[in-house]
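*Asks:* here is the input, now give the coordinates:
(2 chains)
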Amino acid sequence: MIKIDNLVKNYGSNCAVDDISFEVKKGEIVGFLGPNGAGKSTTMNILTGYLSMTSGNVEVAGINMLDNPLEAKKHIGYLPEQPPLYADMTVEEYLIFNYELKNCKLNRDKHLEEICEVTKIKDVYKRVIKNLSKGYRQRVGIAQTLIGSPEVIIFDEPTVGLDPKQIIEVRNLIRTLGKEHTVILSTHILQEVQAVCDRIIIINKGKIVADELTENITRAVENNRRFSVKICGPQKEVLAFLKARPGVTYAEVLAGRDGDAYSYMVESEVGVDIRKSLFFALAEKKWALIGLEALGMSLEDIFISVVDKTSPKSRYERRTRSVARKNSAENEIADQLVSEQKGTAAAKPKNNEETATEKLASLFDDSENK
Amino acid sequence: MLAIYKKELRSYFTTAIGYVYVGVFLAASALLACYSTLMQGTYDTSNYFVYLLFSFIILIPLLTMKLFSEEKKLRTEQLLLTAPVSITGMILGKYFAAMTMFVGTLLVSTINFFPLYAYMRAETANVESYIPVGPSTSRIVGCLIGIILIGAAFVAIGLFISSLTENQLAAAVITVSVIVVMLLLNLVNEFISVYAIRAVIDWVCVISRFTNFTYGILDFSAMVYYLSLAAVFILLTNRVYEKRRWG
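*Replies:* The predicted structure follows:
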């Protein structure tokens, strides 16, 4: 549905987008993830024909954006970061204006009513936009993208500035839209992509640093190897003992003390379940194991790792983190993602994601067999 | 293009600008008509049209200042530029909306000539006269055509300036100064003795070409001049947008 080849955009000497290639298939919901200034909005603006690329190629629904921009734009609904609303219009006037602007051929009243139903803006249909709350404005902006029922819908940070309830509503809405449309969504909120998207593309400094199906990343995250344990006994000896256990890759003391018990964080090798053996070994030592809990690993941590890896290290703040996480699991997953991206980028752009997915899948299979 | 045209035209009247423009235009033209004809005791309308040209200094920027700068500020231009409308279509939609306001109000202001015709009827009612008395309709029509063309050029200039800035006030002030210069440039001529420079200034100056219209002559070269001025600035606006896309 969307095909981007070797896209480059320079602003003067500043390179905002640096040789990006990816493809989005029909019906996919793709999350475009990256820190501020990574080039998300620029990529989207080029995709929608608002900006032109320095070099590269953009195709939407098989139509080249440079050769035939008007035809290509017909297939896109775009909600920029700041919804482009005319404050003096009523919602009705605004939607009718968009209907005419997009030269829509569907039955007007019926089409607009359907859109209002989906986006739940019926109650404010006759009101002036400047009097609407932020949440309703956002929804009117979303309604605007749906006019003409375009195949591709692009949202640039659709949930910024909404309250938690509205965020959930908008996410649900996007998921519903994903059933019939191809959706691209940019955000720097990770739960959002996790909740909504089929596929995640992480972009940093104008380059794609990871391109993976959400379920694969989630699976990697769930493949949990990190525990918080609470053990009664002398802190130093216990820590040394934990570090020396076979299968343990990392251990550290966590804050928090419960009588004579201390908390520790333990990380094990991939595919090794250390819990049982740890229990018996501690029993032998007469150190009571009074708590054991799996520690969650969030997409956030992986994201930060990926971004850290692909950014030049800043001298001060990042050093402590990178030392603390030297052995952490996030780093490994991030490594995988980054190296895969590099590998596939080096290979022919065709079959890009298949190979990446297969590789990751086989990686997991291996680890499960161990 | 039609959608943008309709939207712009409507937006003149959902904000105060449209009303202010129409009100000020009609009031100013009525006062000018009164001053230049009735109070001078003459049927000659050429002075009225020249005065009217000077009122454009304030009036045209009112029409054009927000056309692009407001869209840019509110980021709504993103909507227009990602919609299946060409840049030229967008610019022409806005241009014709402003021109509709301009021409429409100008035509309404022709009621200012009714008192003249009424006077003429009263004067000639009981007198058999072979000398034509009253305002010259052909000269009025000629002047109206001239004024519309000058307005077309000024609106295009305002449109272009509006596309350069996000700030409506800046757009208005720059447009005012450009129009002032174009109208008053030939005053400088009295102080310049070099013929070549005077010829150039005369060529640039909008008002020196208008004189023929006040004599009732449809000056074809002047018409071409005004229209090409409008076309050039519309083209420049187009370039501004093209450049921004590629910049």
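*Asks:* quick check: chain neighbours aside, which residue is closest to the most centrally placed residue in chain B?
*Replies:* Geometric centre of chain B, nearest residue: B:Gly151, 2.1 Å, by Cα atoms, centre = their mean. Take B:Gly151 and drop its neighbours on the chain: the residue closest to it by Cβ to Cβ, 6 or more residues apart in numbering or on different chains is B:Phe102, 4.9 Å away. All C-beta spots, glycine's among them, are computed from the backbone N, C-alpha and C.
*Asks:* need the pLDDT of residue 148.
*Replies:* Went with chain A since none was named. Here the pLDDT value assigned to A:Gly148 is 89.
*Asks:* please refer instead to chain B.
*Replies:* The pLDDT attached to B:Ile148 in the predicted structure is 95.
*Asks:* name all residues that make contact with it.
*Replies:* Contact partners of B:Ile148, counting by Cβ atoms under 8 Å, 6 or more residues apart in numbering or on different chains, are B:102-103, B:106.
*Asks:* can you count the residues close to A:Lys286?
*Replies:* Here the count is done by other Cβ atoms under 10 Å in any protein chain shown, and A:Lys286 has 8 residues near it.
*Asks:* pLDDT score for it?
*Replies:* What the model reports as pLDDT for A:Lys286 is 87.
*Asks:* circling back to that earlier point, can you put the contacts of B:Ile148 in TSV and add secondary structure, pLDDT and distance to A:Glu267?
*Replies:* Converted to TSV, the contacts of B:Ile148 look like this (DSSP: H, G, I helix; E, B strand; the rest coil; pLDDT from 0 to 100; distance: Cβ to Cβ, whole Å):
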residue	secondary structure	pLDDT	distance to A:Glu267
B:Phe102	helix	96	74
B:Val103	helix	96	77
B:Leu106	helix	95	80
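*Asks:* closest to chain A out of those residues?
*Replies:* Within the set of the contacts of B:Ile148, B:Phe102 lies nearest chain A; the separation is 21.1 Å, counting by Cβ to the nearest Cβ.
*Asks:* pretty sure that closest one sits against B:Leu63.
*Replies:* Yes: under the contact definition of Cβ atoms under 8 Å, B:Phe102 touches B:Leu63, with a separation of 6.3 Å.
*Asks:* where exactly do the helices run in the chain?
*Replies:* All of this refers to chain A. The residue ranges that make up the helices of chain A, judged by DSSP state H, are A:40-47, A:69-73, A:91-101, A:108-119, A:134-146, A:164-177, A:190-196, A:214-222, A:235-244, A:275-285, A:299-310, A:317-324, A:329-346, A:352-369.
*Asks:* chain B was what I was after
*Replies:* In chain B, helices defined by DSSP H lie at B:2-14, B:16-33, B:46-64, B:66-74, B:77-82, B:87-108, B:114-124, B:137-164, B:168-184, B:195-204, B:211-214, B:220-246, listed in chain order.
*Asks:* what do B:Phe102 and B:Leu63 both touch?
*Replies:* Listed contacts common to B:Phe102 and B:Leu63 are B:Val155; contacts here mean Cβ under 8 Å, 6+ apart.
*Asks:* returning to what we had before: most neighbours among the contacts of B:Ile148, please name it.
*Replies:* Each of these was scored for neighbours by other Cβ under 10 Å, and B:Phe102 scores highest at 23 neighbours.
*Asks:* how far away is it from B:Ser109?
*Replies:* Distance of B:Phe102 to B:Ser109, computed by Cβ to Cβ, to the nearest Å: 11 Å.
*Asks:* likewise for A:Ile200?
*Replies:* Here A:Ile200 is placed at a distance of 63 Å from B:Ser109 (Cβ to Cβ).
*Asks:* same question for A:Val306.
*Replies:* 67 Å.
*Asks:* cool, and A:Ala251?
*Replies:* A:Ala251 sits 88 Å away from B:Ser109, going by Cβ to Cβ.
*Asks:* check A:Ile168 too.
*Replies:* Applying Cβ to Cβ, one obtains 57 Å for the distance of A:Ile168 from B:Ser109.
*Asks:* now do A:Lys236
*Replies:* From A:Lys236 over to B:Ser109 the distance is 95 Å, taken as Cβ to Cβ.
*Asks:* who's more crowded, those two?
*Replies:* When A:Lys236 and B:Ser109 are compared on other Cβ under 10 Å, the one with more neighbours turns out to be B:Ser109, at 21 against 10.
*Asks:* need the contact list for that one.
*Replies:* Neighbour list for B:Ser109: B:25-26, B:29-30 [criterion: Cβ under 8 Å, 6+ apart].
*Asks:* now those as CSV including pLDDT, distance to B:Lys72 and neighbour count?
*Replies:* Below are the contacts of B:Ser109 laid out as CSV (pLDDT from 0 to 100; distance: Cβ to Cβ, whole Å; neighbours: other Cβ atoms under 10 Å in any protein chain shown):
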residue, pLDDT, distance to B:Lys72, neighbour count
B:Phe25, 96, 26, 24
B:Leu26, 96, 31, 16
B:Ser29, 95, 32, 23
B:Ala30, 95, 36, 14
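*Asks:* ok, these vs chain A, which is closest?
*Replies:* Relative to chain A, the closest of the contacts of B:Ser109 is B:Phe25; by Cβ to the nearest Cβ it sits at 21.8 Å.
*Asks:* excluding residues flanking it in the chain, which one is nearest the closest one?
*Replies:* Distance criterion Cβ to Cβ, 6+ apart; nearest residue to B:Phe25, sequence neighbours excluded, is B:Thr105 at 4.7 Å.
*Asks:* give me the pLDDT for that neighbour.
*Replies:* In this model, B:Thr105 is scored at 96, pLDDT.
*Asks:* what of A:Ala283?
*Replies:* Looking at A:Ala283, its pLDDT reads 89.
*Asks:* can you check A:Leu299 too?
*Replies:* In the predicted model, A:Leu299 carries a pLDDT score of 66.
*Asks:* up against chain B, what does chain A have?
*Replies:* Among all residues of chain A, those adjacent to chain B (criterion: Cβ under 8 Å from any Cβ of the partner chain) are A:11, A:45, A:48-52, A:70-71, A:73-74, A:76, A:78, A:80, A:82, A:84-89, A:93, A:97-98, A:100-103, A:144.
*Asks:* give me the buried subset of those residues.
*Replies:* Neighbour counting with 16 or more other Cβ atoms under 10 Å in any protein chain shown marks A:45, A:48-52, A:73-74, A:76, A:78, A:80, A:82, A:84-87, A:89, A:93, A:97-98, A:100-102, A:144 as buried within the residues of chain A next to chain B.
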